[in-house]
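> only the shape, not the letters, is given here:
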């Protein structure tokens, strides 16, 4: 092999640093060439670095060359590294190129240079901090470290451009830079000149366009407008003119929803949340909210759609939670099933069915699949060495053993899988195992168990995957995870446990055992459907007519993409298997993880008490949906997105369009005489609408949301340029032009209301009510932009859609959910006697709090008189105080009052509160529950 590099070529840095990986593996000749030398005969422009392979082929992508060197060394590709490389190419390089150009070519300094790249640097720092690892992909240096280091070194080798506050980034950069191969690479490429060595290279590059502000710009991109052909414009105008007459009839409602031959039948599932914990925002976006967006979109397309979910209720975690609370497992399941249902109802999740797994149907279907597997020879029996906690007098389920991972040394590995390296583990392989309930050291004992013979089913699985994956919408991480399992070879998987709370095993000698929850949990989808309709097999034994979409976080991929398909294939009963497996990465909270016990992060039962409407939560979670890599919830970013994208962009446009109709035209949509510019706008909106469809059909939910905001920005710009508020006061031609602009704008608003429906259903319905959008137009979304509000249509009363989030409000919430909520003083408030009350009285008070909270929310939504709202708020706060006392909990002192006493505007305890004080009391209710970290799963 021969590697061509050049002094002053930034791509030469990482390839030289990576080249050491090839040492001893292959003969490598390194040649330094001039920047103008063409070393690849079929390229018309000089290109370095270049790797010429022994077979005569060339690699001339920096990442590809580095990857080749790493693969030669025996390095195995992993999903996280691939994500970093994609991010480096699409996000880091454009920003970095601009920063280096400004610094070296234009001679700029300070924030002018750091500004374009600051966000990328912060992202790397936060990722390193969250993972608490020295390198980007784990404990050891990876391909990602070398590629990103090589890209960043020319800039960051100057300490002025390595912000001190980014401590994790600073440590990582110094660690990688100190390695000998990296030092040699820097000496070879930069030749003691530092970043100035890149000047000849950078001077030949085009001047970068400004990177800052693009995401919130209201300016339509001229390049996009210029690409429209006359044919596209004509087609858009034709579709527009057909109007409501072009809409097909609405699909009549069905109950139950069943597949229809000849139609597109879409079956959608969300990963079943475990019943003994309260879902946090990461759980909600990873499963139910993502699936809800796609289900709502499917219905808008008039596809025959069934969306189901439910609580996963069997297993050791339920037994343990029942012991903690002094209840039976069934009572625990009943309690938390109701909590889950209430949370999803508040988030407006449109399940057709929200069921549960503790049903006779679950037992019947699970046992049938097992018996079919057993009779066909796909079940093995073997003696298992298990961990038993003598102190708890029970065998320990995998998730209730914790210890040091035998593969990577992670100290909090579970008994079934390591969250850090992702490898499967047998609990007995853990080093220093501990019982997570009592923290004692368990002992190893033998027990007879049943295993699913995955090696015997592996060929069937591979054949099914070969037929399924091409053309499907499995996410890249799902494909990678399944390939990793198959690459390592499947092994028999234990499907029974020594428990009482679970689906009984119908086999002699195993009467005291139940099925392992991850054998029968995925069967819960079938049993939940069976409880919905006795014709459930029309969905679940009908692969020819049904497309199955399954939504989950990436840790659930093996069970949905491998374990259940193997079970179903082995059962040989024509089961419907997943067509499209949609897996998200993880959502973190600020700079860490969600933890109920430590009071860190927002959980589903808390979001309601923040005063922020459910649709705003939905919007922000979908905006930051962790599709390609982990993302993080940020209060500051939520404020920015609400105030910029919703309030100033989307809300501003829709409100202006409606207000112009009301103010200038008496509430009636005016006549529209379209000019060529108007027709061009029609075509551009149509193209963006079609892009929205293309993205959602591929389940790229986050990107499709951007299309909505893009159309809104085009609408704002259209109004701003044409100034209808001025033209309405001018000549007849000006007034006609004002009418056209207003009519077209309000029709764009109507279109946006339908596009928003999967994301913000309440806001969507509000817009449609304000515009009096005809019902057929509300329930169908075509691929063309139609005139759904023709001239003469009377709209309703228009009012603002969104409210500004204030800095002090957000800072208060940040502190409340940053860990302080778990640190409640043990002392009661002055003048209060803390007494506990019976559970019946507590339940009555909880019901009263819920009822009063609904009254307050309804009054606020109706913008009722402030005094009336204040009076009802006072009642709510008093009920919350009574509930806290009844539960034996101390009362919290409102922030800012603990050291100041009662200010003049605050009445003494027990009297009603005046309206100005009310915001200070959001979230006074004490936290109910307190789930151990072990119970809080993603």
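Done, it's in. Not measured: the values here are computed from a predicted model.

> where in the protein is pLDDT low?
For the chain, residues meeting the criterion pLDDT under 70 lie at 42-46, 131-132, 209-227, 596-599, 819-844, 846-847, 861-868, 881, 883-938.

> switch to 50 and redo it
Along the chain, the parts satisfying pLDDT under 50 run over 210-226, 821-838, 889-938.

> tell me, what residue is most central in it?
Central residue of the chain (C-alpha atoms, centre = their mean): residue 625, 2.9 Å from the mean position.

> ok, now which ones touch it?
With contact taken as C-beta atoms under 8 Å, 6 or more residues apart in numbering, residue 625 is in contact with 285, 290, 584, 631, 701-702. Where you see a C-beta, it was placed from the backbone N, CA and C, and this is true even at glycine.

> mind putting those residues into TSV with distance to residue 40?
Formatted as TSV, the contacts of residue 625 follow (distance: C-beta to C-beta, whole Å):
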residue	distance to residue 40
285	45
290	44
584	40
631	38
701	40
702	38
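
> in strands only, show me these.
584, 631 (DSSP state E).

> quick check: of the contacts of residue 625, which has the highest neighbour count?
residue 285 (28 neighbours; other C-beta atoms under 10 Å).

> just confirm that residue contacts residue 584, I think it does.
Yes. Assessed by C-beta atoms under 8 Å, residue 285 is found in contact with residue 584 at 6.9 Å.

> need the residues touching each of those two.
625-626.

> got a list of what the residue lying closest to the residue nearest to the centre of the chain once chain neighbours are set aside touches?
Spatially, and ignoring its direct neighbours in sequence, residue 625 is nearest to residue 702 (4.3 Å; C-beta to C-beta, 6 or more residues apart in numbering). By C-beta under 8 Å, 6+ apart, the contact set of residue 702 is 622-625, 627.

> make sure the residue nearest to the centre of the chain is indeed in a strand.
No. Applying DSSP: H, G, I helix; E, B strand; the rest coil, one finds residue 625 to be coil, outside a strand.

> gap between it and residue 631?
7 Å (C-beta to C-beta, to the nearest Å).

> and for residue 164?
25 Å.

> repeat that for residue 661.
On the measure of C-beta to C-beta, residue 661 and residue 631 end up 39 Å apart.

> surely residue 75 is in a strand?
No. In this structure, residue 75 is coil, not part of a strand, as judged by three-state DSSP.

> I figured it hits residue 21, correct?
Yes. The pair residue 75 / residue 21 is scored as a contact, 7.4 Å apart, by C-beta under 8 Å.

> and these two? which has more neighbours close in?
Neighbours per residue, other C-beta under 10 Å: of residue 75 and residue 21, the larger number sits with residue 21, 21 against 15.

> residues contacting that one?
69-70, 72-73, 75.

> write the ChimeraX selection for whichever of those residues are buried.
Here is the ChimeraX command that selects only those of the contacts of residue 21 that count as buried (16 or more other C-beta atoms under 10 Å):
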select :69,70,72
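
> joint contacts of residue 75 and residue 21?
Contacts common to residue 75 and residue 21, judged by C-beta under 8 Å, 6+ apart, are absent.

> distance between stretch 377-396 and the chain's centre?
36 Å (C-alpha atoms, centre = their mean, to the nearest Å).

> thinking again about what came up before, in TSV, list the contacts of residue 21 along with distance to residue 676.
Below are these laid out as TSV (distance: C-beta to C-beta, whole Å):
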residue	distance to residue 676
69	56
70	55
72	59
73	61
75	57
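
> between the contacts of residue 21, which is nearest residue 170?
Nearest to residue 170 among those is residue 70, at 25.1 Å by C-beta to C-beta.

> wait, residue 236 touches residue 785, no?
Yes. Residue 236 lies in contact with residue 785 (C-beta under 8 Å); the separation is 6.6 Å.

> what's the overlap in contacts for the two?
By C-beta under 8 Å, 6+ apart, the residues touching both residue 236 and residue 785 are 682, 685-686.

> mind checking which of the residues you listed are in helices?
Members of the shared contacts of residue 236 and residue 785 lying in helices (criterion: DSSP state H): 682, 685-686.

> can you list contacts of stretch 719-727?
218, 653, 656-657, 660, 664, 734-735, 737-738, 741-742, 745.

> what's the most distant pair in those residues?
218 and 735 (25.6 Å).

> quick check: the farthest pair among the contacts of residue 702?
Maximum distance among those (C-beta to C-beta): 11.2 Å, for 623 and 627.

> ok, so of the contacts of residue 625, who is nearest residue 781?
Once C-beta to C-beta is applied, the member of the contacts of residue 625 that ends up nearest residue 781 is residue 701, at 15.1 Å.

> residues contacting the closest residue to the closest one other than its chain neighbours?
Of all residues not flanking residue 701 in the chain, residue 293 sits nearest, at 5.2 Å (C-beta to C-beta, 6+ apart). If you count contacts by C-beta under 8 Å, 6+ apart, residue 293 has them with 622, 696, 701, 758-759.

> residue 52 versus residue 293, what's the distance?
48 Å.

> ok, now residue 528?
From residue 528 to residue 52 the distance is 59 Å (C-beta to C-beta).

> got it, and residue 443?
60 Å.

> higher neighbour count, these two?
residue 52 (18 against 11).

> what's the more buried one in contact with, if anything?
Counted by C-beta under 8 Å, 6+ apart, residue 52 has contacts 1-4, 39, 58.

> so residue 564 touches residue 524, yeah?
No. Checked against C-beta under 8 Å, the pair residue 564 and residue 524 is beyond contact range at 10.3 Å.

> between the two, which has more neighbouring residues?
Using other C-beta under 10 Å, the more surrounded residue of residue 564 and residue 524 is residue 524, with 29 against 24.

> so that one touches residue 309, yeah?
No. Counting by C-beta under 8 Å, residue 524 sits too far from residue 309 to count as a contact (9.4 Å).

> now do the shared contacts for these two.
With C-beta under 8 Å, 6+ apart, residue 524 and residue 309 have common neighbours 272, 355.

> hmm, back to that, switch the ones in helices among the shared contacts of residue 236 and residue 785 over to a markdown table; also include distance to residue 355 and neighbour count.
Shown next, in a markdown table, are those (distance: C-beta to C-beta, whole Å; neighbours: other C-beta atoms under 10 Å):
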| residue | distance to residue 355 | neighbour count |
| --- | --- | --- |
| 682 | 45 | 27 |
| 685 | 41 | 24 |
| 686 | 41 | 24 |
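
> quick check, nearest of those residues to residue 376?
The closest of those, once distances to residue 376 are taken by C-beta to C-beta, is residue 686, at 53.7 Å.

> any idea how far residue 245 is from the closest one?
17 Å.

> now do residue 183
Taken as C-beta to C-beta, the span from residue 183 to residue 245 is 72 Å.

> what's the answer for residue 806, then?
47 Å.

> of these two, who's got more company?
Each of residue 806 and residue 245 has its neighbours counted (other C-beta under 10 Å); residue 806 has more, 12 against 7.

> pretty sure residue 83 contacts residue 629?
Yes. Counting by C-beta under 8 Å, residue 83 touches residue 629, with 4.5 Å between them.

> between the two, which is the more surrounded one?
Neighbour comparison, residue 83 and residue 629: the larger count goes to residue 83, with 20 against 17 (by other C-beta under 10 Å).

> stretch 87-105 spans what distance, first to last residue?
By C-alpha to C-alpha, to the nearest Å, the extent of stretch 87-105 from end to end equals 25 Å.

> wait, I meant stretch 602-611
13 Å.

> ok, and for that stretch, which residues are buried?
602-608, 610-611.

> quick one: the helices in the stretch 351-500 of the chain?
360-375, 454-468, 476-488 (DSSP state H, counting those that start in this stretch).

> could you pull out the strands for the stretch 51-200 of the chain?
58-59 (DSSP state E, counting those that start in this stretch).

> quick check: nearest residue in space to residue 331, chain neighbours excluded?
Nearest to residue 331 is residue 322, by C-beta to C-beta, 6+ apart, at 7.1 Å.

> same thing with residue 122?
residue 166 (6.6 Å).

> who are the contact partners of the one you found?
121-122, 124-125.

> which of the residues you listed has the most neighbours?
Neighbour max across the contacts of residue 166 (other C-beta under 10 Å) = residue 121, 23 neighbours.
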